[in-house]
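Colleague: quick one, fold the following:
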Amino acid sequence: MFLMSNIFTKSQLLKYKKLGFSDSRLAELSGKSEKEIRSLRWELGVRPVFKRVDSCAAEFAASTAYMYSCYEGDGVNEPECEAEVTERKKVIILGGGPNRIGQGIEFDYTCVHAAYAMKEMDIEAIMVNCNPETVSTDYDTSDRLYFEPLTAENVIEICKKEMSRGELLGVIVQFGGQTPLKLSQALLDAGIPILGTQPDAIDLAEDRERFRALLDELGLKQPKSDIALSEEQVVPKADAIGYPVLVRPSYVLGGRAMAIIKDRAELEAWIRDMQVQFRGKLFENPILIDMYLKNAIELDVDCLSDGKDVFVAGIMQHIEEAGIHSGDSACSLPPYSLSDKVIEDVREETAKLAIALNVVGLMNVQYALKDGEIYVIEVNPRASRTVPFVAKTIGEPIARIAAKIMAGQKLNSKTGQFTLASFGLKHKKLNHVAVKEAVFPFARFPGVDVILGPEMKSTGEAMGLDKDFGMAFAKAQLAAGNALPRKGNVFISVKEEDKPQALEIAKRLAALGYGIVATHGTARLIEEAGVKVRGINKVREGRPHIVDIMKNGEIQLVINTTDGAEAIADSFSIRSTSLLQKIPYTTTISGGLAIASALEAMNAAPMQVEPLQSYF
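Modeller: Numbers count the residues shown, from 1 in each chain. Sure thing, here's the model as predicted:
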């Protein structure tokens, strides 16, 4: 088009920037690196200016400067910039960008609390985000707001402008999810300070080889794993680990493209599909391959650290088994079936990891518990999507505290004790149970399969709080729009390995007066145990079948677990009919057990509504 050579003049660069070409796009077209384009642009003096928008539409005085960048001028005369940078000490907070699965309101929550924390410390809070539907971009949240895409180019320009006056203490990249986290090294390379956990620690947690070495040094267990740097390496390395394996590209959001692979043929099909999805760039980052711990209990842990002391804010037990994405799994805080010894061991392992990674701020760890052994699955030295849930459950503003730690305050724990005097934090036993349940958008997408897996599908979450786990779970289901039936028939169809637990569920629900309906294989097992059950055909066995009676209003609850591509395909009509008929359902046996507990609690006592503060 315009690139007869690899050299731009000032007028050319200004022209292309006015047309909306990013540095990365110009680099791609010219065969140079983005860093080279930026250096040339700065050398020639082609820089954006910032304009102001009246964020209150002239209705009353705007308290927050709302700014956007543009390229102006003719290359000779200096364009006018309306940024009006202050002389104050300041911190820049990077938001999460556009809402999408895996990165939404939970991260916006932490960004808002970071802004509030800076204001409390008399530090100017500068927000960078490009989503008008978030609280972080409200006119009264921060002191200054730049409404800009979260790319290295845009953020570096904003930082350099703010560094021209006053003191930029640093940039908070931990609170907006994966998007700002990816910018940390580029910011550091540009001479911009990062607040809190440093990019090297972030990379250490993501780099499989370095992280494995760290766990070995700390004496912590991890499932057998490997990394593949090319297509040719994936199959041999997965074969060596042994199937089933969990595979995913590194540095992705919301478990994108993550899959549980049962054999070599399925792995080869996954590679072909992902090459299409990633437009042939699947192997630009390493592929992570992990042993899949079948039927393990998964734990999520959020903690605060100042690099020396650690406060474990919450240990959450997933209700769904390991292999379901953490954002899609219901979870309980405190854990509902773990011993005090396991909880204490998890707390100690978390503290070891935080200190070893020199975490300053928030850290999230995911563990799997199998056969009494604790395995480290993943460590994220940043705010996680569970932070708002944990904060509300324990009654402590952990995101705000984390921001203050990143700005220099200390936890100040007493040596050897879990008492953290600076913020009044203390590891205490809760006298209530909180259950988080995911909210799914399935009803808006006809034909989508509701079965859960390692790739995140939820778009929100709800919370139930009570003294009892079963009632807390029932409240969470009600809040998530999945109200459990007080009477009627329950359909049970499960994979072979889930049949012992399915029998337990059938006994418990039959004792409450529910009718049990099951496919013939499951029905025989239930009947042999002395529980009255009605057998029904699978769809492929001919009419009348299960979908027929669901449509007739004869089923009020569905518990359906499957294994293998053929079984999943065969049972798709059951799940889609549940969705269309608005029948509560679960696709995991652990979810079925939790539902049984909830129905027992609802049968024992009426559901009570109490103010949140009554639990503290």
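Colleague: so what touches stretch 39-57?
Modeller: Stretch 39-57 has contacts (Cβ atoms under 8 Å, 6 or more residues apart in numbering) with 8-10, 13-14, 17, 23, 62, 64-73, 75, 79-83, 139, 145-147, 157-158, 161. (Each C-beta comes from the backbone N, C-alpha and C, glycine too.)
Colleague: same deal with stretch 112-122?
Modeller: 89, 91, 93, 124-125, 127, 135-136, 141-143, 172, 175, 397, 399-404, 407.
Colleague: what about this structure, any weak spots by pLDDT?
Modeller: 1-6, 55, 58, 62-63, 100-104, 251-256, 413-422, 446-447, 564-570 (pLDDT under 70).
Colleague: how's it carved up into domains?
Modeller: Each structural domain of the chain that the record assigns through automatic domain parsing is listed here as a residue range: 10-40, 49-97+117-194, 224-291, 297-430, 437-604.
Colleague: related to what we said a few turns ago, pull out the buried members of the contacts of stretch 39-57.
Modeller: Those of the contacts of stretch 39-57 that meet the buried threshold are 8, 13-14, 17, 23, 62, 64-67, 69, 71, 81, 83, 139, 145-147, 157-158, 161, by 16 or more other Cβ atoms under 10 Å.
Colleague: give the phi and psi angles for residue 441, as a check.
Modeller: phi -90, psi 20 (degrees, to the nearest 10).
Colleague: now residue 168
Modeller: Dihedral pair for residue 168: phi -90, psi 110, per degrees, to the nearest 10.
Colleague: beta partners for it?
Modeller: Bridge pairing for residue 168 (DSSP bridges) gives the partners residue 90.
Colleague: separation between it and residue 340?
Modeller: Residue 168 sits 46 Å away from residue 340, going by Cβ to Cβ, to the nearest Å.
Colleague: of the two, which one has the most company?
Modeller: Taking neighbours as other Cβ atoms under 10 Å, residue 168 and residue 340 compare with residue 168 leading, 22 against 8.
Colleague: the more buried one: what's it in contact with?
Modeller: 90, 91, 92, 159, 162, 192, 193.
Colleague: you'd agree the last one is up against residue 169?
Modeller: Right, the one you point to is residue 193. Yes: with contact defined as Cβ atoms under 8 Å, residue 193 counts as touching residue 169 (7.1 Å).
Colleague: and these two? Which one has more around it.
Modeller: Neighbour tally, residue 193 and residue 169, criterion other Cβ under 10 Å: the higher count belongs to residue 169, 19 against 15.
Colleague: thought that one was touching residue 195?
Modeller: Yes: assessed by Cβ under 8 Å, residue 169 is found in contact with residue 195 at 6.6 Å.
Colleague: okay, and the common contacts of those two?
Modeller: Joint contacts of residue 169 and residue 195 (Cβ under 8 Å, 6+ apart) are 91, 407.
Colleague: any idea how far residue 442 is from the residue located most distally from the centre of the chain?
Modeller: Of all residues in the chain, residue 76 sits farthest from the chain's C-alpha centroid, using Cα atoms, centre = their mean; the distance is 47.7 Å. Distance of residue 76 to residue 442, computed by Cβ to Cβ: 58 Å.
Colleague: go on, residue 186?
Modeller: From residue 186 to residue 442 the distance is 37 Å (Cβ to Cβ).
Colleague: quick one: contacts of stretch 479-488?
Modeller: So stretch 479-488 is contacted by 437-439, 461-464, 474, 477-478, 513-515, 555-557, 584, 595, 598-599, 602 (Cβ under 8 Å, 6+ apart).
Colleague: quick one: terminal-to-terminal distance for that stretch?
Modeller: In stretch 479-488, first residue to last residue: 21 Å (Cα to Cα, to the nearest Å).
Colleague: counting neighbours, which bits of it end up buried?
Modeller: Applying 16+ other Cβ under 10 Å to stretch 479-488 flags 479, 480, 482, 485 as buried.
Colleague: if we can go back for a sec, in helices, which of the contacts of residue 168 fall?
Modeller: Counted as lying in helices by DSSP state H, out of the contacts of residue 168, are 159, 162.
Colleague: now the contacts of residue 168 as a markdown table including distance to residue 282?
Modeller: Below are the contacts of residue 168 laid out as a markdown table (distance: Cβ to Cβ, whole Å):
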| residue | distance to residue 282 |
| --- | --- |
| 90 | 40 |
| 91 | 37 |
| 92 | 33 |
| 159 | 32 |
| 162 | 37 |
| 192 | 31 |
| 193 | 34 |
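Colleague: quick one on the thing from earlier: quick one: buried ones out of the contacts of stretch 112-122?
Modeller: Buried, going by 16+ other Cβ under 10 Å: 91, 93, 124-125, 127, 136, 141-143, 172, 175, 397, 399-404, 407, out of these.
Colleague: out of those, which are inside helices?
Modeller: With helices defined by DSSP H, the entries of the buried ones among the contacts of stretch 112-122 inside them are 399, 400, 401, 402, 403, 404.
Colleague: can you redo those as JSON lines with distance to residue 354?
Modeller: Output for these, formatted as JSON lines (distance: Cβ to Cβ, whole Å):
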{"residue": "399", "distance to residue 354": "16"}
{"residue": "400", "distance to residue 354": "19"}
{"residue": "401", "distance to residue 354": "14"}
{"residue": "402", "distance to residue 354": "12"}
{"residue": "403", "distance to residue 354": "17"}
{"residue": "404", "distance to residue 354": "17"}
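Colleague: in the stretch 451-600 of the chain, which spans are strands?
Modeller: 460-466, 489-493, 515-519, 534-536, 557-560, 585-586 (DSSP state E, counting those that start in this stretch).
Colleague: the closest residue to residue 193 other than its chain neighbours and residue 401, how far apart?
Modeller: Once flanking residues are discounted, residue 193 sits nearest to residue 170: 4.0 Å by Cβ to Cβ, 6 or more residues apart in numbering. Computed with Cβ to Cβ, the distance linking residue 170 and residue 401 is 17 Å.
Colleague: thinking residue 149 is in contact with residue 130, fair?
Modeller: Yes: counting by Cβ under 8 Å, residue 149 does reach residue 130; the two are 5.1 Å apart.
Colleague: of these two, give the one with the bigger neighbour count.
Modeller: It is residue 130, of residue 149 and residue 130, that has more neighbours when counted by other Cβ under 10 Å, with 18 against 15.
Colleague: how far away is the more buried one from residue 367?
Modeller: Noted for residue 130: a distance of 35 Å to residue 367, by Cβ to Cβ.
Colleague: ditto for residue 501
Modeller: From residue 501 over to residue 367 the distance is 22 Å, taken as Cβ to Cβ.
Colleague: next one: residue 495
Modeller: 25 Å.
Colleague: so which of these two has more stuff around it?
Modeller: residue 367 (27 against 16).
Colleague: okay, and residue 115 sits in which element?
Modeller: Residue 115 belongs to helix 105-120 when assigned by DSSP states H and E.
Colleague: how far away from the center of its chain is that helix?
Modeller: Offset of helix 105-120 from its chain centre (Cα atoms, centre = their mean, to the nearest Å): 17 Å.
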